[in-house]
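1. sequence-free structure coming up:
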């Protein structure tokens, strides 16, 4: 796991070396173990390294004998299989990322179709003067671009493009409307006006500082294996996926919640390990909150895991939230950033890699909304149809465009031969998963130089899961049937058939306790005041209810995000100290 950046100058001009140096500085947290640069013709590539595999020889950039150069961020889980297929290639290291370079040399621009893993990669080919950018189909690893008058630029994070002086931090108001409505932004547009995303599965080909072609890989492939016994098929694919996601030359562990997905990861790891698995769980102090630590302890004990539980207090929330928001330069107002960031802060002291359960709900249909989605029209509720702030009356105007990306995908998905359930899953896999959940994991972990891996998004396993029958996914009021059945056999202590408990963080309770003090700070913050009626915001914070707790959280997150990433004010201090700055 690493940070990558670089640029291609227009008119044959090489990129400014000061910009390349600033890229390195801005991405140091993603790669604290080393850095490298390569400049050829009018292209400069930058890499900061988090050493996971081949610690001694895996430094980047990689350069072939033809002068083709690669920088990459991620893990290629079929690296060993690719090396067998590429036996005639001259590998120089044991790094899994090097296989990307040799795939490109053999297959050209369609190289990414052969990859299984999480990656954002940039190659420069001096033979065709082409800069090639690629991102994995699920969007596990991030990649952002900026096109300016003097060139084409890319980086693992938007803040690096801003810190290097490539663009200025101007807010994209259309994306802001999405953020306030959905809690994340989606599609190629980002929260910054002059920065765009490479979308999941895209390969961009750039010449003379402009994009000349785009290729796209669909993450929802047909499975290579079709087996009448879905449990047996799942077992083989799941064990292989977790095994490949364990490949590392450094210590690793997992984040263990009270849910089915992380318990399934633990159960598989235990079968594959000859040492206790290190498992981390977060819980919350005080109040009548659902706390996952007790159930996680039972599961960890059954697995013989080395269980390490942490407690997050209201004081932690108020002191650490600005740092959490600061790492979310691509904003995600998901309150799960609180435990994810806190766990990463602790885990970095012991390990460099953690496995997590993201993707299980989307691939195997775990959300309650999927049950409703199986109903025939007109009884089926339209997904993602409600603007989160729409009923609070705080918005100066309610956007009519915040759902355009989702609407377009819904129209496209209707042309596929999918069930209603699959269409809902596909929508979440296209939006909720990459732009919310995976962005959250990437930023919270990489802020601490920690790599997160998501075995449920293994290419072969995901193809099988998405194409399972609806009945293999949902029965009665419970989804993820095949995962639950497997877990019941392997680790019944996890109680996989108990009712799904939504993961909860008591941010509403904490904000309610300090609502009156927050009211003037949030309502007068520049970004909030531009989008919302300050008096309505102040009133909302002064009297927080169960219905307004989540909107209050969204507004608090946005106020801090705008303060740090757009206004450029210092991020050090508590929530109240950061918001008091003008």
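-> It's in. If you're wondering where the values come from, they're calculated on a predicted model, not measured in any experiment.

2. Excluding its own residues, what touches stretch 293-305? List them.
-> Residues outside stretch 293-305 that contact it (C-beta atoms under 8 Å, 6 or more residues apart in numbering) are 256-258, 263, 266-267, 270, 276-279, 281-283, 307, 309, 311, 491, 493-495. Backbone N, C-alpha and C define where each C-beta goes, glycine included.

3. Name the residues of stretch 282-291 that come out as buried.
-> 282, 283, 284, 291 (16 or more other C-beta atoms under 10 Å).

4. and of those, the nearest to residue 434?
-> The shortest gap between residue 434 and any of these belongs to residue 282, at 23.4 Å (C-beta to C-beta).

5. all strands for the stretch 1-150 of the chain, in order.
-> For the stretch 1-150 of the chain, applying DSSP state E, counting those that start in this stretch gives strands covering 2-9, 35-40, 43-49, 62-63, 69-76, 117-125, 130-135, 144-148.

6. so how far is the last one from its chain's centroid?
-> What that stands for is strand 144-148. 20 Å (C-alpha atoms, centre = their mean, to the nearest Å).

7. and residue 497, what element?
-> Residue 497 is part of no helix or strand, with elements assigned from DSSP states H and E.

8. any weak-confidence spans in the stretch 301-450 of the chain?
-> 375-381 (pLDDT under 70).

9. would you list every one of the strands in it?
-> So, for the stretch 301-450 of the chain - with DSSP E, counting those that start in this stretch - the strands run 306-312, 353-355.

10. which strands and helices sit next to the shortest one?
-> It refers to strand 353-355. strand 252-255, strand 451-453 (3 or more C-beta pairs under 8 Å, 6 or more residues apart in numbering; DSSP states H and E).

11. Residue ranges of each domain in the chain, please.
-> 2-216, 230-388+398-494, 507-579 (automatic domain parsing).

12. Give me the residue at the spatial middle of this structure.
-> Residue closest to the average C-alpha location in the chain (C-alpha atoms, centre = their mean): residue 438, at 1.7 Å.

13. surely that one meets residue 139?
-> Yes: using C-beta atoms under 8 Å, residue 438 makes contact with residue 139 at a distance of 5.8 Å.

14. where are the low-confidence patches of the chain?
-> Ranges of the chain meeting pLDDT under 70: 1, 224-228, 287, 375-381, 500-503.

15. need the longest helix for it.
-> In the chain, with assignment by DSSP state H, the single longest helix is helix 230-245.

16. Which strands or helices does that one pack on?
-> Partner elements for helix 230-245 (3+ C-beta pairs under 8 Å, 6+ apart): helix 260-272, helix 459-467, helix 481-490.

17. The first one - contacts with which helices or strands?
-> Spelled out, that is helix 260-272. Helix 260-272 packs on helix 230-245, strand 252-255, helix 293-303, helix 360-364, helix 481-490, going by 3+ C-beta pairs under 8 Å, 6+ apart.

18. immediately after it, which helix or strand?
-> Past helix 260-272, the next helix or strand by DSSP H and E is strand 278-284.

19. Show me what that next one is packed against.
-> So strand 278-284, by 3+ C-beta pairs under 8 Å, 6+ apart, packs with strand 252-255, helix 293-303, strand 306-312, helix 337-347.

20. what comes into contact with that strand?
-> Contacts of strand 278-284 (C-beta under 8 Å, 6+ apart): 251-258, 266, 291-293, 296-297, 300, 303, 305-313, 339, 342-343, 346-347, 350-351, 354, 505-506.

21. so it versus helix 293-303, what angle?
-> 170 degrees (axes from the mean of the first three to the mean of the last three C-alpha atoms, to 10 degrees).

22. so strand 278-284 versus helix 260-272, what angle?
-> Using the same axes, to 10 degrees: strand 278-284 against helix 260-272 is 160 degrees.

23. where's strand 278-284 relative to the chain centroid, distance-wise?
-> 20 Å.

24. same check, this time on stretch 95-111
-> The chain centre lies 24 Å from the centre of stretch 95-111; the measure is C-alpha atoms, centre = their mean.

25. tell me the contacts of the closest residue to residue 510 other than its chain neighbours?
-> Distance criterion C-beta to C-beta, 6 or more residues apart in numbering; nearest residue to residue 510, sequence neighbours excluded, is residue 314 at 4.7 Å. Residue 314 sits next to 285, 286, 510, 513 when contact means C-beta under 8 Å, 6+ apart.

26. Please consider this matter closed, and thank you.
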